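*Asks:* Requesting a structural model of the entry that follows:
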Amino acid sequence: MPESDAWNARYELGSIPWDLGRAHPELETRLALDPSLGLAAVGTALVPGAGTGHDAAALAQAGWRVTAIDIAPAVEGALLRRLEADRASVVIGDSLEIENAGPFDLVFDHTFFCAIDLENRPRFGTMVDRMLTRAGSLISVVFPIGKPMSDGGPPWGFDTGDIANALGEGFVLEEEAGHMRLAGRRWPYAWTRWVRRSE
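*Replies:* Now for the predicted structure:
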């Protein structure tokens, strides 16, 4: 079964335990305090693996010009309803292959990196490098921290080291906020922000 069909079937069946029914609470809190999320200003944002669009919508409502992309056609209606057309655009396709968009000031990852096949992690780094402006940031909600690889996935367990490996030497970890937990999720998460290494 093609990957898009498998994810589409999950959405059509409503079997989407990763969907919180709202934006990630950490994102909501940080946007309320600083809509730029620590960047110089609010700008353009790419949300790969956007799902039903809660995180993308929160960013758009905070003033970001958002491109939300997901591989499952079943989410298109939800994305279009949730996102304001003048602040966002919706793309149905493979987030790892997106090219004719950007560059973006922000790539926001929440339950995307943990969902892709392990052999595709280097492609994630390539996509981020391709999509970000020189001064842009990747924000990744690292989850599920500590989940054994023997448990399988998705979601696949990972930590900041896995993101660092995917991004390569061109990026550095600018910010990391501890191992925190959300009600209903077994494994903790960390909020991380990555920027390009100064030349």
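
*Asks:* other SSEs contacting the strand or helix carrying residue 163?
*Replies:* Assigned by DSSP states H and E, residue 163 belongs to helix 160-167. Contacts defined by 3 or more Cβ pairs under 8 Å, 6 or more residues apart in numbering; DSSP states H and E place helix 160-167 against helix 121-131, strand 132-142, strand 171-180, strand 189-196. Using the backbone N, CA and C atoms, a C-beta is placed for each residue, glycine as well.

*Asks:* Return the member of those having the minimum mean pLDDT.
*Replies:* Lowest mean pLDDT within those: strand 171-180, at a mean of 90.

*Asks:* what angle separates the helix holding residue 163 from strand 171-180?
*Replies:* With axes from the mean of the first three to the mean of the last three Cα atoms, to 10 degrees defining the directions, helix 160-167 sits at 150 degrees from strand 171-180.

*Asks:* Please point out which parts of helix 160-167 sit buried.
*Replies:* 162-164, 166-167 (16 or more other Cβ atoms under 10 Å).

*Asks:* again, but for stretch 190-199
*Replies:* 190-196.

*Asks:* ok, so of those, who is nearest residue 29?
*Replies:* Distance to residue 29, by Cβ to Cβ, is smallest for residue 191 among the buried residues of stretch 190-199, at 9.8 Å.

*Asks:* Nearest residue to the closest one in space, please, no chain neighbours.
*Replies:* Excluding the flanking residues, the one nearest residue 191 by Cβ to Cβ, 6 or more residues apart in numbering is residue 177, at 4.2 Å.

*Asks:* sorry, back to before: which one among the buried residues of stretch 190-199 gets closest to residue 87?
*Replies:* residue 193 (22.1 Å).

*Asks:* For the closest one, give its distance to residue 21.
*Replies:* To residue 21, residue 193 is 25 Å away according to Cβ to Cβ, to the nearest Å.

*Asks:* Walking through this structure, point out its helices one by one.
*Replies:* Taking DSSP state H, the helices of the chain run over residues 3-13, 25-33, 54-61, 76-82, 121-131, 160-167.

*Asks:* Mind giving me the packing neighbours of the fourth one?
*Replies:* Under the contact definition 3+ Cβ pairs under 8 Å, 6+ apart, helix 76-82 sits against helix 54-61, strand 65-70, strand 88-92.

*Asks:* so which of these comes closest to residue 145?
*Replies:* Closest among these, using Cβ to Cβ: helix 54-61, at 18.7 Å.

*Asks:* any idea of the angle that closest one forms with strand 65-70?
*Replies:* Put simply, helix 54-61 runs at 170 degrees to strand 65-70, going by the same axes, to 10 degrees.

*Asks:* Now do helix 54-61, average pLDDT.
*Replies:* Averaged over helix 54-61, pLDDT sits at 95.

*Asks:* Thanks again, I'm all set now.
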